[in-house]
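[1] I need the structure of the sequence given here:
(one chain, ligands or ions: 3)
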Amino acid sequence: MKFELSEKKISQIKADFELVFVQDKNLKPFKESKALFDLQNYTGEGLCLDFSNKKLFVELKSLEYEDIRLAFANAYKALKVLNVKSIKSPCIVGKCTFRSFASMVEGIEFASYDFNKYKSEKKPSKLEIFIISKDELNGKTYEIKDAKEGLETGRILSEASHFTKDIVNEIPELYTSLKMAEDATKLAKENKNITCKVYDENFLAKEKMNAFLAVNKASVHPPRLIHLSYKAKNAKQKVVFVGKGLTYDSGGLRLKPADSMLTMKADKSGAAAAMGIIKAAAELELPFEIHAILGVAENMIGGNAFKPDDVLISREGVSIEVRNTDAEGRLVLADCLSYAQDLKPNLLIDMATLTGACVVGLGEYTSGIIGNNEDLQDEFYKASKKSGEYACVLHFNPHLKELIKSNMADVSNTSISRYGGALTAGLFLDKFIRKEYKDKWLHLDIAGPAYVEKAWGYQNFGAGAAGVRMCIAYLLELARKDKKGLKK
Ligand code: BES
Ligand code: ZN
Ligand code: ZN
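    Ligands and ions are numbered 1, 2, ... in the order given. Below you'll find the model as predicted:
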């Protein structure tokens, strides 16, 4: 879809339909003297159609970015049904022009995402162009340059999220480690600023990544470590993302119950998000050196599967007692985090659909922000809020460490308690973080929002691209502070 910023007043723009935003459906219509909510049949979902005048009245709860996204998404869904080709709309400027414009695009683009590859009957949208008038809802003045930058950022973020979603939604039969390697290679080919290296099982063995290798033992597909990188010209900071890329998680010999196995194609979401992030970062030309390390494997059953009772010697030299083969993501991440620290990052972020416990604790829509550095967690949380992703900071405490002690090895891959699983998984990962990186590391448990079975607002059924927008929002914030010379 094309987004166009027009210099004209909204009344002078030609389009099939016009959006009219209403701040409160009972009281305060913007611009219009009387809200048509009173006159027309109110649809009950923040929308009211005035078909004869080709206007759609849309409820806008506030000028917060998330409300802008929701209002535009709502409007898009209604107009898609009407087979409209072009829409005109006033612009909405909240606290920051750039973010507001990005939010308008995100609302529309996210609502339009549809993974329909396997449906015989596709229902493509007829909408071709979305014209945003220079007219601002409240007559606020703003810089056109910021508006244009916002639209472009919204487009890049939406495309990167769609890219991530396509990977996550793809079926496990087709989306194997080799397919992910192919997609990563293609991404690098299409973007001259991105490079990609794919490492095979021999490399993993040479690097002593035994925890990673163990997880993939019963798969018919080989494991892969994919290393994508992007470097801006005057990059001063190095940011490394690590993504859990389980193309399928059957649970291994600790086989998952049937209901829990369903959706485990989405266990590659961390890796898919890391790919989306590097794509967006390169397109936005963020002033950093960025790496994405993807640990790609498949957790299956078979005569050669790794077993509960096994002890694995990880790349860091930390020995791990396997007490549950379904806690496999942390094993892959342990070795990938070790590899990632060799790159000497200023910031290290891993993303993983790591625990059901995180979903139980925070709900299906919220990611957990876990780590040792509370200031970093708080800063990241603030960025996540602007981005439209739901996240929640979770804090460690020393007593939880007792729960992952092992009688056989340096650490157990599962806690002895049923409680606090998201944090004990985080503490397991912390065992592989070297002293000098403890405060530079964040673990994002995206198990809930990575795959959404109950659609909401602009999030349709399926992959959610969790991690992409919040990480880019954090990097944008970091770049802004760097520019001001606040943080080096
Ligand atoms: N991939 C799962 C976590 C998961 C659960 C992701 C639900 C998305 C939705 C992970 O590998 C897993 O199985 N974790 C176990 C850990 C347990 C064995 C300590 C879990 O959460 O049950
Ligand atoms: Zn598992
Ligand atoms: Zn898993």
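[2] which residues touch the residue nearest to A102 when sequence neighbours are not counted?
    For A102, ignoring the flanking residues on the chain, the nearest one in space by CB to CB, 6 or more residues apart in numbering is G154 at 3.7 Å. (C-beta placed from N, C-alpha, C; glycine too.) Residues in contact with G154 (CB atoms under 8 Å, 6 or more residues apart in numbering) are 3, 101-106, 109.
[3] Look through the chain and state the residue closest to ligand 3.
    Per CB to the ion, D249 is where the chain lies closest to ligand 3, at 3.7 Å.
[4] Test my guess that that residue contacts N299.
    Yes: the pair D249 / N299 is scored as a contact, 4.7 Å apart, by CB atoms under 8 Å.
[5] joint contacts of the two?
    Shared contacts of D249 and N299 (CB under 8 Å, 6+ apart): 267, 326, 328.
[6] From those, pick out the ones that also neighbour ligand 2.
    On the criterion CB under 5 Å from the ion, 326, 328 are the entries of the shared contacts of D249 and N299 that sit beside ligand 2.
[7] Closest one to ligand 2 out of the shared contacts of D249 and N299, please.
    Using CB to the ion, D326 is the member of the shared contacts of D249 and N299 that lies nearest ligand 2, at 3.8 Å.
[8] Mind giving me the packing neighbours of the helix or strand that contains S103?
    Here S103, judged by DSSP states H and E, is contained in helix 97-112. With contacts taken as 3 or more CB pairs under 8 Å, 6 or more residues apart in numbering; DSSP states H and E, helix 97-112 sits against strand 2-6, helix 65-81, strand 86-91, strand 129-136, helix 144-169.
[9] Distance to I472 and mean pLDDT added to those, as JSON lines?
    Conversion of the helices and strands packed on helix 97-112 to JSON lines gives the following (distance: least, CB to CB, whole Å; pLDDT from 0 to 100):
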{"stretch": "strand 2-6", "distance to I472": "19", "mean pLDDT": "95"}
{"stretch": "helix 65-81", "distance to I472": "14", "mean pLDDT": "92"}
{"stretch": "strand 86-91", "distance to I472": "22", "mean pLDDT": "96"}
{"stretch": "strand 129-136", "distance to I472": "22", "mean pLDDT": "92"}
{"stretch": "helix 144-169", "distance to I472": "6", "mean pLDDT": "97"}
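[10] how about those, which one is nearest ligand 1?
    Ranking those by proximity to ligand 1 (CB to the nearest ligand atom) places helix 144-169 first, at 11.3 Å.
[11] In contact with the residue nearest to N373 when sequence neighbours are not counted: list those residues for me.
    Take N373 and drop its neighbours on the chain: the residue closest to it by CB to CB, 6+ apart is D439, 4.2 Å away. When contacts are counted by CB under 8 Å, 6+ apart, D439 touches 372-373, 376.
[12] same thing with G276?
    For G276, the contacting residues are 160-161, 163-164, 465, 467-468, by CB under 8 Å, 6+ apart.
[13] before we move on, the earlier item: columns distance to ligand 1 on top of the helices and strands packed on helix 97-112, output as TSV?
    Supplementary listing: the helices and strands packed on helix 97-112 in TSV, determined by distance: least, CB to the nearest ligand atom, whole Å:
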stretch	distance to ligand 1
strand 2-6	34
helix 65-81	24
strand 86-91	37
strand 129-136	34
helix 144-169	11
